[in-house]
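**Q** Just to be clear, the model below is a prediction. Sequence and coordinates:
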Amino acid sequence: MRNEKELEGITLLGDHRTTYATNYTPEVLETFINKHPENEYLVTFDCPEFTSLCPKTGQPDFGHLYISYIPRLQMVESKSLKLYLFSFRNHGDFHEDCINIIMKDLIKVLDPKYIEVTGYFLPRGGISIYPFANYADDEHQELRKQRLLEQFKDKHER
């Protein structure tokens with residue numbers, strides 16, 4: 001069980017007075033210590049209700065996001081991630097920008113060994129967009145290249 005010192009930076013979890021930011025708020029992201037840094041393992045978040053705004057028209061865009069990472073020393077707390085993703089609700093950016101912003105913000109707070117963010121956005125004007133962004137430290141460059149190649153194959157085999 002985690003002790004109080006290990007939970008010091010976790011302020012949102014269990015707080016029943018949750019405030020939902022109406023604008024992009026990366027500072028809401030909270031982390032905790034990875035108790036198993038000697039293990040190489042994958043953490044995946046499935047976010048089926050992501051929303052943002054088209055930067056030109058202001059119309060809402062709806063997407064299904066997957067965020068996967070191999071932790072190093074820090075891990076992201078899931079409620080803070082939920083509130084962070086919710087903060088895109090009124091954020092006007094293209095799908096590709098949102099995916100890259102999310103990945104870069106998580107890299108800043110986590111310093112992961114590997115991370116990827118995939119978006120499956122619903123069609124607008126008859127076209128769906130599926131952006132994918134990934135990052136790897138020096139030891140995981142082969143994985144980064146492999147996963148990017150798999151994304152090309154996966155999208156073209158549909």
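**A** That came through fine.

**Q** Just give the number of residues close to Y20.
**A** By the criterion of other CB atoms under 10 Å, Y20 has 11 neighbours. Where you see a C-beta, it was placed from the backbone N, CA and C, and this is true even at glycine.

**Q** and it, that one's in a strand?
**A** No. Using DSSP: H, G, I helix; E, B strand; the rest coil, the secondary structure at Y20 is coil, not a strand.

**Q** Now do the contacts for it.
**A** Y20 sits next to 83, 86-87 when contact means CB atoms under 8 Å, 6 or more residues apart in numbering.

**Q** what about F32, distance to N90?
**A** Note on F32: its distance to N90, by CB to CB, to the nearest Å, is 28 Å.

**Q** Next: I129.
**A** Using CB to CB, I129 is found at 20 Å from N90.

**Q** contacts for whatever helix or strand Q146 lives in?
**A** Using DSSP states H and E, Q146 sits within helix 141-156. For helix 141-156, the surrounding residues in contact (CB under 8 Å, 6+ apart) are 114, 116, 118, 130, 132, 134-136.

**Q** Nearest to D61 among those?
**A** Using CB to CB, Y130 comes nearest to D61 of the contacts of helix 141-156, at 12.8 Å.

**Q** how about that closest one, what does it touch?
**A** 118-121, 155.

**Q** Now restrict these to buried residues only.
**A** 118-121 (16 or more other CB atoms under 10 Å).

**Q** just those residues now: which is nearest H95?
**A** Checking the buried ones among the contacts of Y130 one by one against H95 (CB to CB), the nearest turns out to be F121, at 4.9 Å.
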